[in-house]
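**Student:** Using only what follows, build the 3D model:
(4 chains)
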There are 2 protein chains.
Amino acid sequence: MPITLKQLADRVGVHASTISRVANNDPGLRISPATRSRIEALLRETEYRPNGIARGLKLQQTLALAVVIPDVTNPLFAALFRGVEDGASPRGYNVVLCNTDGSPDRQRAHLASLTARRVDGVILASTFLRDPSVRWLRQQRIPHVLVNRFSDDGLDPFVGSDDVMGAKVATQHLYGLGHRRIAHLAGQPTVSTGVLRRRGYLAALAEAGLKADPELVVESGYVEDGGARGTERLLSMRDRPTAIFAVNDMAAVGAYSVARRLGLRIPDDLAVVGYNNIPLARRLIPGLTTVHVPAHEFGIMATRLLLDQIESQQRPARQVVFQPELVVRGSTVVGTDVELAPAASMRE
Amino acid sequence: MPITLKQLADRVGVHASTISRVANNDPGLRISPATRSRIEALLRETEYRPNGIARGLKLQQTLALAVVIPDVTNPLFAALFRGVEDGASPRGYNVVLCNTDGSPDRQRAHLASLTARRVDGVILASTFLRDPSVRWLRQQRIPHVLVNRFSDDGLDPFVGSDDVMGAKVATQHLYGLGHRRIAHLAGQPTVSTGVLRRRGYLAALAEAGLKADPELVVESGYVEDGGARGTERLLSMRDRPTAIFAVNDMAAVGAYSVARRLGLRIPDDLAVVGYNNIPLARRLIPGLTTVHVPAHEFGIMATRLLLDQIESQQRPARQVVFQPELVVRGSTVVGTDVELAPAASMRE
DNA sequence: TAACATAAGGCAATCGTTTGTCCAGATCAA
DNA sequence: TTGATCTGGACAAACGATTGCCTTATGTTA
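**Tutor:** Take a look at the predicted model:
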């Protein structure tokens, strides 16, 4: 329904191509000042904007990116998306959002649909290890960047943080507080964060000279419910752990509710460390000690890698790895929840 | 880079249009079984998918919708988006997400860009009262549905809940508990939810025969910080309110932190009711009594209205209004936080 | 005055699909 | 044998913007 180049041309009495050149400021165009200003006036008056579809067909670019994540209601991914949009919007790109709920089938379906739509690039944060979808993206030569999780090592541009190090620091923190039976609510072995955080946990124990008890590692997955079930199992052992390192914050929340149900106090009876530092972490009582993951920055950086790749027409295969940072709160050390403590922020 | 119809045609030795008809199952096509099966085999083998841009240009439809919201890191809008995607994806649509951060300028810019992209429809949840952007959508005849907030009464298809009623029920709840000095952390008068919830609050007071004290209404906006500042002002009055009805949950969270700082216990010294029932509400301690807003259902319903509108080519101008529901938790009534109470869910 | 240069735009192909129309050959009836 | 009908597809015109090349009219130079 919006006005087309042809209609404008008929109104000015010139050819459509001339309008196009004026609108795009073609430097090679020689045109009389009078005609130019008539055209420019009309462009302003009609608020002409070229039809993006036609433009896309001709120029072979859509100015659209896609973000594929497990679930945007997870704050980590919501922040990631914001980062992408904040990076893409100023450069003229729109962003399509796709949720997979962790299903490889839905992921495949989404990618197929995005490919048909010819988005200029894809940011993927929902991959499994050795993910067929990623190989497919590579094969189709669709510019893409993996975020947070990766698939096959080193083959794709990637933005994330050092999960091994993060898990190690978290575990060392617990060890330093005197804990000797430290459990791990683990992620699936099919997801890179699951594998790497478990590895970091084990490495920290080894460096500390602690023998790793296989019973202390239970697979909880990334949701509250799994965390609760895993914690129940851990706390029903004869020789209970005194501390839990959870693969992410939601699993840690599951641990909170079980501890509460069993009447165990955090951190005195059970210390808990999470991962991601979602907004909820500082609102829990006590606040949840956790490893900060700069999701928003991930999004910005991933977009930068992606757009550079698109605009330069080559694969940089760059990997950007952030150093994780431990945020200590009341779930491991009493008295650290300063921001909420009455005395600390009393203004009177 | 993907294969085109023309290339396929060359491989089978027929005209591109024939491939197209086979791929689209054109009922009027007369073709020999042999040729048909050769073409079908090739289509499967190459996993041919038509170029969505070319298709869009020809068919004047992109199979893309857009969702424009203030901020996806707000759980309400994240859930809304999921609803939209869940409604749109099975019908073959992709969804572009745009965040405005409440800025009319960014909203306008996004809508302009979406229009240039020729999305098939827009779901808008970030409107102000008498929003120029909405008029513009109407003028451009772009199918759209307003969600949660509306702009000019009745002119556009709308999905939301009865904000006056919700606010009324919330206020009546507080009145029923014996509160007589009930304050309101209000939204901006430029946003429909702000106006309507304030109206519901006032109506409840009036019906109860309570005189409304203008000092008890302070504009906090929809963020934690505003809620905290508003609460500070309310609690510094000589005749303090004993209860607060907040325009949304985040403002209520601000009230929590101020109450805590001042050493006031919730609900004994101060009762608090929020609005939206974001996931955080049940995690606060005590749990936040709030009015449930079915954001996910909003998204699904809005998508239905939008797609019906698009596919039937006419403006239904339907309005779907959900009845809100009060969720009572510990911030108004002690002992209602059952899901977390030790005794209630102890399994041993 | 003829050849040439320059200014100011026009022409038409192209991107990949879709779809109304047309056509050549085969088959059939008379 | 001559039309008429049917089969099995081919042709080409869109959709709207971009862009390399061409054309026309005017002015300049030899």
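**Student:** contacts, neighbours, all on C-alpha from now
**Tutor:** Noted.
**Student:** Which strands or helices does the lengthiest helix in chain A pack on?
**Tutor:** Using DSSP state H to define each element, chain A has its longest helix at helix A:295-312. Counting contacts by 3 or more Cα pairs under 8 Å, 6 or more residues apart in numbering or on different chains; DSSP states H and E, helix A:295-312 is packed against helix A:75-88, strand A:121-124, strand A:144-147, strand A:158-161.
**Student:** now that helix against helix A:75-88, angle please.
**Tutor:** 40 degrees (axes from the mean of the first three to the mean of the last three Cα atoms, to 10 degrees).
**Student:** so how far is helix A:295-312 from its chain's centroid?
**Tutor:** Distance, stretch centre to chain centre, for helix A:295-312: 12 Å (Cα atoms, centre = their mean, to the nearest Å).
**Student:** buried set for the next helix or strand after it?
**Tutor:** Per DSSP states H and E, the first helix or strand lying C-terminal to helix A:295-312 is strand A:319-322. Within strand A:319-322, the residues that count as buried by 16 or more other Cα atoms under 10 Å in any protein chain shown are A:319, A:320.
**Student:** Contacts for strand A:319-322, please.
**Tutor:** A:154, A:156, A:157, A:158, A:159, A:160, A:161, A:162 (Cα atoms under 8 Å, 6 or more residues apart in numbering or on different chains).
**Student:** and that strand, which strands flank it?
**Tutor:** strand A:158-161 (parallel) (DSSP bridges).
**Student:** and the partner strand, what's its mean pLDDT?
**Tutor:** Strand A:158-161 carries an average pLDDT of 96.
**Student:** Check stretch A:333-348 too.
**Tutor:** Mean predicted lDDT for stretch A:333-348 stands at 57.
**Student:** Equivalent analysis for stretch A:24-34, please.
**Tutor:** 85.
**Student:** quick one: terminal-to-terminal distance for it?
**Tutor:** Using Cα to Cα, to the nearest Å, the end-to-end distance of stretch A:24-34 comes to 18 Å.
**Student:** Relative to the whole chain's centre, how far out is that stretch?
**Tutor:** 45 Å.
**Student:** ok, is it in contact with DNA strand C or not?
**Tutor:** Yes. Among the residues of stretch A:24-34, A:29, A:30, A:31, A:32, A:33, A:34 lie within reach of DNA strand C under Cα under 7 Å from any atom of the strand.
**Student:** Let's have the contacts of strand A:319-322 in a markdown table, adding distance to residue B:114.
**Tutor:** Converted to a markdown table, the contacts of strand A:319-322 look like this (distance: Cα to Cα, whole Å):
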| residue | distance to residue B:114 |
| --- | --- |
| A:154 | 36 |
| A:156 | 30 |
| A:157 | 29 |
| A:158 | 29 |
| A:159 | 28 |
| A:160 | 30 |
| A:161 | 34 |
| A:162 | 37 |
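**Student:** Just the buried ones among those residues, please.
**Tutor:** A:156, A:157, A:158, A:159, A:160, A:161, A:162.
**Student:** nearest to residue A:111, of the residues you listed?
**Tutor:** Lowest distance from residue A:111 to the buried ones among the contacts of strand A:319-322 (Cα to Cα) belongs to residue A:156, with 16.4 Å.
**Student:** what secondary structure does the closest one sit in?
**Tutor:** The three-state label given to residue A:156 by DSSP: H, G, I helix; E, B strand; the rest coil is coil.
**Student:** who's in contact with the closest residue to it other than its chain neighbours?
**Tutor:** Spatial nearest neighbour of residue A:156, excluding adjacent residues (Cα to Cα, 6 or more residues apart in numbering or on different chains): residue A:317 at 5.5 Å. Residue A:317 is in contact with A:154, A:155, A:156, A:157, A:158, counting by Cα under 8 Å, 6+ apart.
**Student:** can you rerun that using 10 Å?
**Tutor:** A:144, A:145, A:154, A:155, A:156, A:157, A:158, A:305, A:309 (Cα atoms under 10 Å, 6 or more residues apart in numbering or on different chains).
**Student:** separation between the closest residue to the last one other than its chain neighbours and chain B?
**Tutor:** Read that as residue A:309. Ranked by Cα to Cα, 6+ apart and with sequence neighbours excluded, the top spatial neighbour of residue A:309 is residue A:315, at 5.8 Å. Note on residue A:315: its distance to chain B, by Cα to the nearest Cα, to the nearest Å, is 16 Å.
**Student:** where does chain A have low pLDDT?
**Tutor:** A:338-348 (pLDDT under 70).
**Student:** what's the domain layout of it?
**Tutor:** Using automatic domain parsing, the domains assigned to chain A come out as A:5-50, A:62-161+A:295-323, A:163-292+A:327-335.
**Student:** Please see if the second one touches DNA strand C.
**Tutor:** No. Using Cα under 7 Å from any atom of the strand as the criterion, no contacts between domain A:62-161+A:295-323 and DNA strand C are found, and the smallest distance is 8.6 Å.
**Student:** Ends of that domain, what's the gap?
**Tutor:** 34 Å.
**Student:** That one and DNA strand D, are they touching?
**Tutor:** No. Domain A:62-161+A:295-323 lies out of reach of DNA strand D by Cα under 7 Å from any atom of the strand, never closer than 11.5 Å.
**Student:** Distance from the chain centre to that domain, please.
**Tutor:** 9 Å.
**Student:** re the thing from before, farthest pair within the contacts of strand A:319-322?
**Tutor:** Counting by Cα to Cα, the most remote pair of the contacts of strand A:319-322 is A:156 and A:162, 16.2 Å apart.
**Student:** about what we covered before: closest one of the contacts of residue A:317 to residue B:248?
**Tutor:** residue A:145 (36.9 Å).
**Student:** mind putting the helices and strands packed on helix A:295-312 in JSON lines, distance to residue A:323 included?
**Tutor:** Shown next, in JSON lines, are the helices and strands packed on helix A:295-312 (distance: least, Cα to Cα, whole Å):
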{"stretch": "helix A:75-88", "distance to residue A:323": "17"}
{"stretch": "strand A:121-124", "distance to residue A:323": "20"}
{"stretch": "strand A:144-147", "distance to residue A:323": "14"}
{"stretch": "strand A:158-161", "distance to residue A:323": "6"}
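**Student:** which stretch among these comes nearest residue A:249?
**Tutor:** Here helix A:75-88 is closest among the helices and strands packed on helix A:295-312 (Cα to Cα), at 10.0 Å.
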